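# what's the 3D shape of this:
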Amino acid sequence: MQLIIVESPTKAKTIKQFLGKDYIVESSFGHVRDLPQKELAIDTEKNFEPKYIIIPKARKVVNLLKERAERAKEVILATDEDREGEAIAWHLTQALGLENSKLKRIVFHEITKSAIEEAIQNPKNINLNLVDSQQARRILDRLVGYKLSPFLWKKVARGLSAGRVQSVAVRLIAERQKEIDEFRPEEYWTIEALLKNKRGQEFSANLIKTDEKLIPKLGIKNNAEAENIAADLNNLEYKISEIEKKETRRNPFPPFTTSTLQQEASRKLRFSAKQTMFIAQQLYEGITVKNTKESIGLITYMRTDSLNLANQAINKIRNLIAEDFGKEYLPIKPNFYKTKSKGAQEAHEAIRPTFPEKTPEELKQFLNKNQWALYNLIWQRTIACQMKPAVFDSTTVDIETTKSKQNHLYLLRANGNILKFSGFLRVWPIRKDDVLLPELIKNEILELIKISPLQHFTQPPAPYSEATLVKALEEDGIGRPSTYAPILETIQKRGYVVKRTKYLYPTDIGIVVNKLLVEHFPKIVDINFTAKMESDLDNVAQGKKKWVPVVEKFYKPFEKTLKDKYETIVKKDIIEEKSDEICEKCGAPMVIKTGRFGKFLACSKYPECKTTKPLEQPLGVKCPQCETGQIIERRTRKGKIFYSCNAWPKCKFALWYKPTGEKCPKCGSLLVETKGKNVKCSNKECDYTKD
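Now for the predicted structure:
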């Protein structure tokens, strides 16, 4: 009997179908060993030797696997083929006391019959370089977390914790918010002309030049300037002076990596990074697609930074394109892609369907709504990446005027695209935002319908969404495919960041902690330093560096800095602001402090006087329930904003959405602003919405 151990019961179920009676497939249910929770468990004096224990919830599983392993002729470890999977395999050898003579390690990129059979025929040894790299990451994160967190408890607020890579993510979000807060919009105007050709077809053109001088973006600064130009543009003759048509090609996008899948699933499906990876894991490990109760893995391994596709897969995809879409959509040679991401290892394949011939429509009846949506996205992207480019006619039309009353000559421009050949867009549709122009002829005289001065304001950078943060982390070389989703989950779970609609915002405590780390522990949150550390861990994984010196190089200066900061940083200097409030109990001034759950007022005579109260942010809206209190903005313990009466707990009126101050014309309840900036009635039984 041969025992195969994987980390997931679903994976075990799928693999079991492909093997004969000589194989037993069991699951370890993930990690079986880890560092204990209640102690550092790293001997910093003895080469950072870790102290591992059997995870309490894994003891029963470990005992079962030990029993099976003792009776087995061979033990085959078939955990995932990344650093995490390699570490799980190594920990299993330690926890089960496995002998090398009966031990094998197999890896595969997809859970299909052919892939499993090939892996069994080609066993490997456990890659100890990958294990060391994962162990070094775990030790570094433990050292930062267990050394820096108590410091935050003492200097900021109890219950806080710090992470090595997560702190960099919080810094990016905090600094982006600072940019937004400090941004001062500038007003500018553009001039748009609605014109008509002799065939009665209308189109728009924008003013770009005055007397051969290009008008910069902020060139027209106010309404008076815009109206003056608009008036001068009236009653002129408009003639097409130049038409330039140029064929342009739009190349297909590469197949998905972990980060691009998370970004696209966020943009198109509104999935969080965690949700995307959870569903992708289901598709990878196996879905029952037939009445025979057999399950198959529908996609390849979903933690990857590679853009490569297996030759066999490319051949299948090209055959499908030729048969289903026509040979005119098939390039002469396959399309190949090269990654631009820092630190990409490209050890695996890109994410693709294991069976490209299984179309989303064919599988729809076997998948739930979210599984189908993600599979459809992966299938479309994979097929499209091997198709021809889309071809457009890009048209630029220049329109000149006669001399105006103010003795000016103006030039306007209209741009548009016409799709000539859909190419990959046949499978991977994009937003139809291309402007289509009517048939226009050089030297044609146009009729002016109207001139419209349009007001604009410069816009601040957008807050990070999960998708754009993952993109930024990847571009900066921070984190790796397996860490993006945990980073996003952790910073929100710790209360440093909150997600509203689709955007990530730093909480008050997140801003305070980030400021402290930037000022006093700059290396912890330095992007280049963290990227270099990721590169060092990659070098460990490739056998180019040893893990102990990598950890030591980080820890020694970190330990010294931490010791110094314990002595020099005073808590009140970090988190106290002055306020106009007076303590009701002792009459001393109150100060604004920041705790885990946001800002609050506290007596300046603490600890002699321990009076505290919420820091109210009134909206100028009277409470409709008690009619005496005011609606204020509050936060839950997880940082989520809600709105309630300031007379709480006497009055328990509360809303999740921000009240506008207006009342519903149908039922008299407060109107609120929803996530999509729409206005509706707060009464769930009332269907009133405001246009």
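
# so where's this protein uncertain?
290-293, 341-347, 431-434, 597, 637-639, 675-677, 691 (pLDDT under 70).

# and the residue of the chain positioned farthest from its centre, what is it in contact with?
Distance from the centre of the chain peaks at residue 405, with 54.6 Å (C-alpha atoms, centre = their mean). By C-beta atoms under 8 Å, 6 or more residues apart in numbering, residue 405 lies in contact with residue 232. The C-beta positions use only the backbone N, C-alpha and C, and glycine is treated the same way.

# on the three-state scheme, it is what?
coil (DSSP: H, G, I helix; E, B strand; the rest coil).

# which phi and psi does it have?
Per-residue torsions, residue 405: phi -60, psi -30 (degrees, to the nearest 10).

# again, but for residue 577
Residue 577 adopts backbone torsions of phi -130, psi 150, taken as degrees, to the nearest 10.

# can you report how many residues neighbour it?
10 (other C-beta atoms under 10 Å).

# so how far is residue 613 from the closest residue to it other than its chain neighbours?
Distances taken as C-beta to C-beta, 6 or more residues apart in numbering place residue 592 nearest to residue 577, at 4.1 Å, with adjacent residues excluded. Separation of residue 592 from residue 613 (C-beta to C-beta, to the nearest Å): 11 Å.

# equivalent analysis for residue 593, please.
To residue 613, residue 593 is 11 Å away according to C-beta to C-beta.

# what about those two, which has more around it?
residue 593 (25 against 13).

# so in terms of bridging, what pairs with the more buried one?
Beta-bridge pairing for residue 593 (DSSP bridges): residue 600.

# for it, what are its contacts?
575, 576, 577, 599, 600, 601, 602.

# please pick the buried ones from these.
Buried residues within the contacts of residue 593, counting neighbours by 16 or more other C-beta atoms under 10 Å: 575, 599, 600, 601, 602.

# would you turn those residues into JSON lines with distance to residue 208?
What follows is the buried ones among the contacts of residue 593, written out as JSON lines (distance: C-beta to C-beta, whole Å):
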{"residue": "575", "distance to residue 208": "52"}
{"residue": "599", "distance to residue 208": "49"}
{"residue": "600", "distance to residue 208": "54"}
{"residue": "601", "distance to residue 208": "55"}
{"residue": "602", "distance to residue 208": "58"}
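
# determine which two of those residues are furthest apart.
Pairwise distances across those peak at 12.5 Å for 575 and 601 (criterion: C-beta to C-beta).

# distance from stretch 387-398 to the middle of the chain?
Centre-to-centre, stretch 387-398 and its host chain are 31 Å apart (C-alpha atoms, centre = their mean, to the nearest Å).

# over to stretch 302-322?
With C-alpha atoms, centre = their mean as the basis, stretch 302-322 stands 25 Å off its chain's centre.

# repeat that for stretch 272-282.
With C-alpha atoms, centre = their mean, you get 12 Å for stretch 272-282.

# buried set for it?
272, 273, 274, 275, 276, 277, 279, 280, 281, 282.

# just these now: which is nearest residue 370?
Nearest to residue 370 among those, with distances taken as C-beta to C-beta, is residue 279, at 5.4 Å.

# how about the contacts made by the closest one?
Residue 279 is in contact with 271, 370, 371, 374, counting by C-beta under 8 Å, 6+ apart.

# could you rerun that using 7 Å?
Residue 279 makes contacts with 370, 371, 374, as judged by C-beta atoms under 7 Å, 6 or more residues apart in numbering.

# overlap of the contact sets of residue 592 and residue 613?
residue 601.

# which SS class is the residue lying closest to residue 299 once chain neighbours are set aside?
Of all residues not flanking residue 299 in the chain, residue 283 sits nearest, at 4.6 Å (C-beta to C-beta, 6+ apart). Under three-state DSSP, residue 283 falls in the helix class.

# from residue 153, how far out is residue 283?
Distance of residue 283 to residue 153, computed by C-beta to C-beta: 42 Å.

# swap in residue 64?
40 Å.

# on the three-state scheme, residue 509 is what?
Relying on three-state DSSP, one would call residue 509 helix.

# which residues does it contact?
Counted by C-beta under 7 Å, 6+ apart, residue 509 has contacts 157, 495, 496, 594, 595, 596, 598.

# in CSV: these, plus secondary structure.
As requested, those are exported to CSV (three-state DSSP):
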residue, secondary structure
157, coil
495, coil
496, coil
594, strand
595, strand
596, coil
598, strand
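
# and of those residues, the nearest to residue 215?
For the contacts of residue 509, the nearest to residue 215 is residue 496 (44.2 Å; C-beta to C-beta).

# which residue packs closest to that closest one, ignoring adjacent ones?
Leaving aside its sequence neighbours, residue 496 sits nearest to residue 510 (C-beta to C-beta, 6+ apart; 3.4 Å).

# what sits against that neighbour?
Counting by C-beta under 7 Å, 6+ apart, residue 510 makes contact with 170, 174, 496, 497.

# which of these fall in strands?
Cross-referencing the contacts of residue 510 against strands under DSSP state E gives residue 497.

# which residues in the stretch 501-650 of the chain form strands?
Under the criterion DSSP state E, counting those that start in this stretch, the stretch 501-650 of the chain contains strands at 503-506, 577-582, 589-595, 598-603, 612-614, 618-622, 630-635, 641-645.

# which residues does the nearest residue to residue 655 once chain neighbours are set aside bridge with?
Sequence neighbours aside, residue 643 is the residue nearest to residue 655 in space, at 4.7 Å (criterion: C-beta to C-beta, 6+ apart). For residue 643, the beta-bridge partners under DSSP bridges are residue 633, residue 655.

# residue 653 is in contact with residue 643, correct?
No: contact criterion C-beta atoms under 7 Å: residue 643 and residue 653 do not qualify, at 9.0 Å.

# tell me which of the two has more neighbours.
Set residue 643 next to residue 653 and count neighbours by other C-beta under 10 Å: residue 643 wins out with 21 against 16.

# where's the more buried one relative to residue 689, distance?
Counting by C-beta to C-beta, the gap from residue 643 to residue 689 is 19 Å.

# and if you look at residue 5?
56 Å.

# neighbour count winner among these two?
Taking other C-beta under 10 Å, residue 5 and residue 689 do not tie; residue 5 has more neighbours (25 against 12).

# tell me where the stretch 1-150 of the chain has strands.
For the stretch 1-150 of the chain, the strands defined by DSSP E, counting those that start in this stretch occupy 2-6, 23-27, 33-34, 42-43, 49-50, 53-54, 74-77, 103-105.

# how about JSON lines for these, with distance to residue 387 added?
Below are those laid out as JSON lines (distance: least, C-beta to C-beta, whole Å):
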{"stretch": "strand 2-6", "distance to residue 387": "35"}
{"stretch": "strand 23-27", "distance to residue 387": "38"}
{"stretch": "strand 33-34", "distance to residue 387": "46"}
{"stretch": "strand 42-43", "distance to residue 387": "52"}
{"stretch": "strand 49-50", "distance to residue 387": "49"}
{"stretch": "strand 53-54", "distance to residue 387": "51"}
{"stretch": "strand 74-77", "distance to residue 387": "39"}
{"stretch": "strand 103-105", "distance to residue 387": "38"}
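
# residue 673: neighbour count?
14.

# how about it, phi and psi?
Phi and psi for residue 673, reported as degrees, to the nearest 10, are phi -100, psi 120.
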